[in-house]
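> Only the shape, not the letters, is given here:
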């Protein structure tokens, strides 16, 4: 076995040893955070996609090529899927094996056999361990890129592979040229996405070499609604950033601000009051998830990954048989928010 | 001259040398942050007042004595006023000489002559270098405490001094005993303060030895409205904390949540859109202040203090004569917010 990361002399503090593989925690020289060293394979980290705050200026400044594609940004979690030692594995953004997606995406085996060395990149949504449960479908895997080593495949090659293997692609919104001044059309797309409560768009140079994202205010407000009740478990700046960038969108698009004021206030307070009520009733602040898996061992692996987290506690696990599959319902208790709310409600004082 | 801090062997990294005096930057042993060593005088730091999030439980847990007073919390800036070498000086919370209040409060000289060693603690509001300009009055100094060395004087002594010298006190809302279960009355006071858009209340044991503060949702929302447009210059967590604690108040008091949702959304977006518009029009995000001083040198000292800040830039200074006084209007440009907004509006992309 070839331990590539040894050869590259990456400082050990940048590496995390997992069970049977090693992952890169931060960017190091040409290697991106999330790069995985697994048996004799390297699965490179998915490139960071920068965010723009204003559509026309943002594209002009950050996409140097003339031609670009626009795709809908899906709000799930990013996985890279690869075949290692004849088996299909899905890796999170950070480079951890994600057992749920690894089982669900094993149908990609044929693809990998015929396209050795290609990594499939996409977004998982639905009844997963990380996204809100859905009744209309089980899960979806929206492909948005293919990687070959460090390289994102160009648009045309991507479209060809997606078509050939009949993969589900993130909704494709068009191909444009900067030289044709497509700004009006792009603004229409942004408004359309916002109305449909889509998360936003990802703008990619046709070569695959440049990409930026642009998010809608409705998505920002939905994020606030989903997460305000877990306020102390969210990254510092999570809420400020979303309020701020939604204001920029409202200003740029001359939206009906009164309407958004109501939505923003509703998002914050509805969510927080729900959290406070839950804590008073149940003693914890928690979020429910649901998965359906084929193998008992898949659930065991999911559970074992989730249990490692210091931030959350897994509770209320309930399993049942559903046809050939195993259904599992469980909750994540948000420890920090639970702890702080308990203290505040019982009269603890804090120093600002 | 006696350099007390040398005798106390305070590590030099905890001290800031100013022009003619030294101040303590962090708590050190029994000495509080903001303690000033000035000539042969020590002006002790004003004690931190902890915040409670729920009224009854908060008071029960944090005020051990039976008797306590309730005062309105005024939204200005805290100064301690003392006489050093026959001259009256006002010090900020951090222990810096504040030239504006030092001039305005020189009328306290008689008080200090008759009460040597006493420090007067209060809140400055009005046409000051730190609070929004007012037309109805010039400035007000609301006394809330007296200190003798490290000790806050007990309630009765405070009231006696305030009466004797006819000082303006923070609005006094009553004396209570925990043993008499005054919770209903206190809730009424909190609702009353909230309706009047007061900042909240400070609850103090009659001995002066314990104190907590409790803030109203309208004050929290007003803070958000005042400051959202300076979002990147505000402390991390400023907005989250205010949204969160106002939600706790709404829940505890069973308020009309729909009304507050609108106010919260309005506070965020009105303020941010104002900031964005100002930046587009003027190229900066700034806030206007106005002061009236008697002596040219007072303004020069104020200006020199303000100019030291790395976070703000002083601009648009306009001076005029108004009777015996000098009027000065000036702006603080918030550097970080200005810089970030400029970048975002011109299309810069950022990595989350």
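Received, thanks. Quick caveat, the model's predicted, so the values are computed rather than measured.
> for chain B, what are the nearby residues on the stretch 1-150 of chain A?
A:48, A:50-54, A:56-62 (Cβ under 8 Å from any Cβ of the partner chain). C-beta: built from backbone N, CA, C; applies to glycine.
> Poorly predicted segments of the stretch 51-200 of chain A, please.
Scanning the stretch 51-200 of chain A for pLDDT under 70 picks out no residues.
> could you pull out the strands for it?
A:67-73, A:77-84, A:87-92, A:118-126, A:139-148, A:151-152, A:172-177, A:200-205 (DSSP state E, counting those that start in this stretch).
> how about those strands in JSON lines, adding mean neighbour count?
Formatted as JSON lines, the strands of the stretch 51-200 of chain A follow (neighbours: other Cβ atoms under 10 Å in any protein chain shown):
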{"stretch": "strand A:67-73", "mean neighbour count": "21"}
{"stretch": "strand A:77-84", "mean neighbour count": "22"}
{"stretch": "strand A:87-92", "mean neighbour count": "21"}
{"stretch": "strand A:118-126", "mean neighbour count": "22"}
{"stretch": "strand A:139-148", "mean neighbour count": "20"}
{"stretch": "strand A:151-152", "mean neighbour count": "18"}
{"stretch": "strand A:172-177", "mean neighbour count": "16"}
{"stretch": "strand A:200-205", "mean neighbour count": "24"}
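> Residue B:27 is nearest to which of these?
Nearest to residue B:27 among these is strand A:87-92; the distance by Cβ to Cβ comes to 42.3 Å.
> and that closest one with strand A:77-84, angle?
150 degrees (axes from the mean of the first three to the mean of the last three Cα atoms, to 10 degrees).
> I'd like to know which elements strand A:87-92 is packed against.
Under the contact definition 3 or more Cβ pairs under 8 Å, 6 or more residues apart in numbering or on different chains; DSSP states H and E, strand A:87-92 sits against strand A:77-84, helix A:99-104.
> tilt between that strand and strand A:139-148?
100 degrees.
> picking up where we left off before, of all the helices and strands packed on strand A:87-92, which one comes closest to residue B:198?
The nearest among the helices and strands packed on strand A:87-92, by Cβ to Cβ, is strand A:77-84 at 45.4 Å.
> follow-up on the earlier one: which among the helices and strands packed on strand A:87-92 is found nearest to residue B:265?
Among the helices and strands packed on strand A:87-92, the nearest to residue B:265 by Cβ to Cβ is strand A:77-84 (29.0 Å).
> What is that closest one packed up against?
strand A:41-43, strand A:87-92, helix A:109-114, strand A:118-126.
> which other helices and strands contact whichever helix or strand residue A:297 is part of?
Taking DSSP states H and E as the definition, residue A:297 sits inside helix A:296-307. Applying 3+ Cβ pairs under 8 Å, 6+ apart, we find helix A:296-307 packed against helix A:99-104, strand A:286-293, strand A:312-322, strand A:325-334.
> what about the helices and strands packed on strand A:87-92, which gets the closest to residue B:228?
Short answer: strand A:77-84, nearest of the helices and strands packed on strand A:87-92 by Cβ to Cβ, at 30.4 Å.
> tell me the angle the closest one makes with strand A:118-126.
Using the same axes, to 10 degrees: strand A:77-84 against strand A:118-126 is 140 degrees.
> who's in contact with strand A:77-84?
Identification of contacts with strand A:77-84 by Cβ atoms under 8 Å, 6 or more residues apart in numbering or on different chains yields A:34, A:38-39, A:41, A:43, A:46, A:88-93, A:98, A:101, A:105, A:108-109, A:112-113, A:116, A:119-124, A:128, A:130-131, A:141, A:147.
> Beta-bridge partners for residue A:292, please?
Beta bridges link residue A:292 to residue A:327 when assigned by DSSP bridges.
> any chance of the strands of the stretch 51-200 of chain A in TSV, with distance to residue B:277 too?
Output for the strands of the stretch 51-200 of chain A, formatted as TSV (distance: least, Cβ to Cβ, whole Å):
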stretch	distance to residue B:277
strand A:67-73	28
strand A:77-84	36
strand A:87-92	41
strand A:118-126	36
strand A:139-148	36
strand A:151-152	39
strand A:172-177	30
strand A:200-205	24
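> how does chain A divide up, domain by domain?
A:44-215, A:219-282, A:286-345 (automatic domain parsing).
> can you tell me the distance between the two ends of the last one?
This means domain A:286-345. For domain A:286-345, the separation between the terminal residues is 17 Å (Cα to Cα, to the nearest Å).
> on that earlier part again, would you mind listing the buried residues in the helix holding residue A:297?
A:298-299, A:301-303, A:305-306 (16 or more other Cβ atoms under 10 Å in any protein chain shown).
> orientation of that helix relative to strand A:286-293 in degrees?
Angle of helix A:296-307 versus strand A:286-293, following the same axes, to 10 degrees, is 150 degrees.
> the inter-axis angle of helix A:296-307 versus strand A:325-334?
10 degrees.
> Grab the nearest non-local neighbour of residue A:198.
In space, and not counting its chain neighbours, residue A:198 is closest to residue A:72: 5.5 Å by Cβ to Cβ, 6 or more residues apart in numbering or on different chains.
> Can you tell me which of the residues of the stretch 1-150 of chain A next to chain B are buried?
For the residues of the stretch 1-150 of chain A next to chain B, buried by 16+ other Cβ under 10 Å: A:50-54, A:56-59, A:61-62.
> As a markdown table, those residues with distance to residue B:20 would be great.
Formatted as a markdown table, those follow (distance: Cβ to Cβ, whole Å):
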| residue | distance to residue B:20 |
| --- | --- |
| A:50 | 49 |
| A:51 | 48 |
| A:52 | 50 |
| A:53 | 46 |
| A:54 | 49 |
| A:56 | 55 |
| A:57 | 50 |
| A:58 | 51 |
| A:59 | 56 |
| A:61 | 50 |
| A:62 | 52 |
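> Nearest to residue B:21, out of those: which one, please.
residue A:53 (44.7 Å).
> OK, contacts around the residue of the stretch 51-200 of chain A found nearest chain B?
Among the residues of the stretch 51-200 of chain A, residue A:57 lies nearest to chain B; the distance is 3.0 Å by Cβ to the nearest Cβ. By Cβ under 8 Å, 6+ apart, the contact set of residue A:57 is B:345-347.
> how does it look with 10 Å?
Taking Cβ atoms under 10 Å, 6 or more residues apart in numbering or on different chains, we find residue A:57 in contact with A:183, A:252, B:344-348.
> repeat for residue A:295
A:99, A:103, A:301, A:325-326.
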